[in-house]
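**Student:** coordinates only, sequence not included:
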C-alpha cells in the first residue's frame, strides 16, 4: 500500500499504538486504569522518514504514554499479512493501533479486529468529505482518516509544449499522443501499476469507474461489474498493450518501477500518486521543470481516481484505548497534518491545507490533487476485500496480456466475484 507511503505512495499501513494529547471529545471506553499508557505503532516502511520525528515530539510531551514505532515491509500485501497475524493473536498481539490502507477498513471491522470509534471525538468535519467514507463500515466509524491520495496523470510538459498539444483530457487524446508523439521522442506512451498486486486493482477500478461502471455494491454483497462500462474500462487497458502505446514492460510495474521509468525519461505519460510528481519535480531530478500533472482522463472528460491513503484504527485488544484516541487526534491535528505534507510528501486529510497559499507555492499540484480527491471513489467495499482484490488483479492482468477479451474478462469477474461473496 504504497499510497500510504506516498500512496498508493501507494500503500502504507500504520499499525499505531496510539497515545497522546487530544483536545476534543469524551474518553473512550476501556478496561484499564484510565485507558492510558504506552503504545506500539506499526507501519509499512516509512520511506521518507518523516514519522519518527513526529512521534518523538509526542513522546517528549507524553513520557508515560510513549509510542514505539514498528515498521513493517514496504509491500502492502506483506504488511497486511503481518498485521492480521498480530491481530489474530488476541491479547498477545503487539500492535495497539493500525494505520491501515483505506481499502481494509471493512475487512478489519467485519472481522472484529478493530474497535468502533465515537464520531464526536475527531474533527471529521474538517476533513475532505470523501475520505470519511473510507473509515466507516456498516454505518459506524471504525477508523480515522490520516493520509489521503488520488491518482494523477503525470506528463512530459516539455514534450507536449514542443508539439503544441495540451495535456490529455480524454482517453482518446491520451491514446493519440501516446501512439504518435511518444515514439518521435524515443518514449513509450503510457504506464500505470500493472503488475498483478494491489496497484493493478486500483488501476483497473479507476478505468471501470471512469467509464461510469462499478464493481461491487451494498458493502460487497452485490456484484455490479457485468456492464458495458466495465468492458469499456478494461478494454482501454487491454487495447493499450495490444496496440503498443502501453509497453509490455509496464505489466511488471509497481509504483516505484513505474516512477523510475518516468524519471529515466522512458515515458510520456504516467499514472501514479502525487509522491511521484514530487520526485520528478525535485531540483535533483533529471526532469525538473519538465513535468506536469492533471486529473486522470476518462472516455469523455475527466476520469475518476480511486481514493488512496491510510486510516488509523485501534486494535480491539489494546489496553490503552484512550491514549490511542488522543494520539489519533494528535496525528490528524492541523499542525501535524501540515508536517505530513511538508516532511512526508503525503497528501493530508485536512481540507484547509489545500487552500493554504504557502503550501500551494511549495506543492503546486495541491489544487489538482484536491479536485481529484473530491471526485474520487473508494475501492470496492467488502469484508472479503483481499479475495476481491486478488480476483480483479488476476482477471485484468489476463485481459491486458491478451488471454481474455474485455467482454470475457467482465463475465469472468462477475462469476468469480459472486463466488467470493457466496452469492
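**Tutor:** Sure thing, it's come through. Not measured: the values here are computed from a predicted model.
**Student:** so residue 309 touches residue 102, yeah?
**Tutor:** Yes - using CB atoms under 8 Å, residue 309 is in contact with residue 102, at 5.1 Å. C-beta coordinates here come from the backbone N, C-alpha and C atoms, glycine included.
**Student:** Now the element after the helix or strand of the chain with the lowest mean pLDDT, going C-ward?
**Tutor:** Sorting the helices and strands of the chain by mean pLDDT, DSSP states H and E puts strand 14-15 at the bottom, at a mean of 34. Once the chain leaves strand 14-15, the next helix or strand it forms, by DSSP states H and E, is strand 39-44.
**Student:** Report the angle between the very next helix or strand once past that next one and strand 39-44.
**Tutor:** Note on strand 39-44: by DSSP H and E, the next helix or strand toward the C-terminus is helix 51-61. Between helix 51-61 and strand 39-44, the angle formed by their directions is 170 degrees, by axes from the mean of the first three to the mean of the last three CA atoms, to 10 degrees.
**Student:** could you say what helices and strands helix 51-61 packs with?
**Tutor:** In terms of contacts (3 or more CB pairs under 8 Å, 6 or more residues apart in numbering; DSSP states H and E), helix 51-61 is packed against strand 67-72, helix 321-331, helix 334-342.
**Student:** Report the rounded mean pLDDT for the first one.
**Tutor:** Translated: strand 67-72. The average of the pLDDT scores along strand 67-72 is 93.
**Student:** Check the second one too.
**Tutor:** Summarised as a single mean, pLDDT over helix 321-331 is 96.
**Student:** quick one, which of the helices and strands packed on helix 51-61 is packed in tightest?
**Tutor:** Mean neighbours per residue, mean count of other CB atoms under 10 Å, is largest over the helices and strands packed on helix 51-61 for helix 321-331, with a mean of 27.
**Student:** follow-up on the earlier one: so which of the helices and strands packed on helix 51-61 comes closest to residue 419?
**Tutor:** Ranking the helices and strands packed on helix 51-61 by proximity to residue 419 (CB to CB) places strand 67-72 first, at 30.5 Å.
**Student:** Name every strand pairing with the closest one and say which way it goes.
**Tutor:** Strand pairing for strand 67-72, determined by DSSP bridges: strand 39-44 (parallel).
**Student:** what angle separates the strand it pairs with from helix 321-331?
**Tutor:** Using the same axes, to 10 degrees: strand 39-44 against helix 321-331 is 50 degrees.
**Student:** for strand 39-44, the distance to its chain's centre please.
**Tutor:** Strand 39-44 sits 18 Å away from the centroid of its parent chain (CA atoms, centre = their mean, to the nearest Å).
**Student:** what do you get for stretch 151-165?
**Tutor:** 24 Å.
**Student:** what's the answer for stretch 133-147, then?
**Tutor:** The mean C-alpha position of stretch 133-147 is separated from the chain mean by 14 Å, CA atoms, centre = their mean.
**Student:** what ranges do the strands span in this structure?
**Tutor:** In the chain, the strands defined using DSSP state E lie at 14-15, 39-44, 67-72, 97-101, 136-137, 140-141, 144-150, 152-156, 188-191, 216-217, 222-223, 267-272, 291-295, 307-314.
**Student:** Which residue lies closest in space to residue 341, excluding its sequence neighbours?
**Tutor:** Nearest non-adjacent residue to residue 341, counting by CB to CB, 6 or more residues apart in numbering: residue 348, 5.1 Å away.
**Student:** so what's the one you found bridging to?
**Tutor:** For residue 348, the beta-bridge partners under DSSP bridges are residue 147.
**Student:** check contacts around it.
**Tutor:** 147, 148, 337, 338, 340, 341 (CB atoms under 8 Å, 6 or more residues apart in numbering).
**Student:** Is it possible to get these out as CSV so that each row also shows distance to residue 98 and pLDDT?
**Tutor:** Shown next, in CSV, are the contacts of residue 348 (distance: CB to CB, whole Å; pLDDT from 0 to 100):
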residue, distance to residue 98, pLDDT
147, 13, 95
148, 17, 96
337, 19, 97
338, 24, 96
340, 17, 93
341, 22, 93
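**Student:** Report the two of those separated the most.
**Tutor:** Pairwise across these, and taking CB to CB, the largest span is found between 148 and 338, at 14.4 Å.
**Student:** any idea of the pLDDT on the residue nearest the centre of the chain?
**Tutor:** Nearest to the geometric centre of the chain sits residue 308, at 2.0 Å (CA atoms, centre = their mean). Note on residue 308: pLDDT of 92.
**Student:** again, but for residue 29
**Tutor:** Residue 29 is given a pLDDT of 39.
**Student:** What of the one 3 residues further on?
**Tutor:** What the model reports for residue 32 is a pLDDT of 44.
**Student:** do the one 10 residues further on as well
**Tutor:** At residue 42 the predicted local confidence, pLDDT, stands at 88.
**Student:** quick one: low-confidence ranges for the protein?
**Tutor:** The model of the chain has pLDDT under 70 over residues 1-34, 47, 421-423.
**Student:** again, only using 80
**Tutor:** Within the chain, the ranges that satisfy pLDDT under 80 run 1-34, 46-48, 74-75, 219-220, 421-423.
**Student:** now for the strands of the chain, which one comes closest to residue 236?
**Tutor:** Short answer: strand 188-191, nearest of the strands of the chain by CB to CB, at 10.2 Å.
**Student:** Counting by contacts, list what that closest one packs against.
**Tutor:** Using 3+ CB pairs under 8 Å, 6+ apart, strand 188-191 is in contact with helix 171-180, helix 255-263, strand 267-272.
**Student:** if we go to 10 Å?
**Tutor:** Here strand 188-191 touches helix 171-180, helix 228-243, helix 255-263, strand 267-272, going by 3 or more CB pairs under 10 Å, 6 or more residues apart in numbering; DSSP states H and E.
**Student:** That strand pairs with which strands, parallel or anti?
**Tutor:** As assigned by DSSP bridges, strand 188-191 forms pairs with strand 267-272 (parallel).
**Student:** Tell me what angle the strand it pairs with forms with helix 171-180.
**Tutor:** 140 degrees.
**Student:** Residue 372 reaches residue 271, doesn't it?
**Tutor:** No - the pair residue 372 / residue 271 is not scored as a contact, 11.3 Å apart, by CB atoms under 10 Å.
**Student:** Need the overlap of contacts for those two.
**Tutor:** Common contact partners of residue 372 and residue 271 (CB atoms under 10 Å, 6 or more residues apart in numbering): 151, 152, 153, 296, 303, 305.
**Student:** among those, which two are most distant?
**Tutor:** 152 and 303, at 10.9 Å, using CB to CB across the shared contacts of residue 372 and residue 271.
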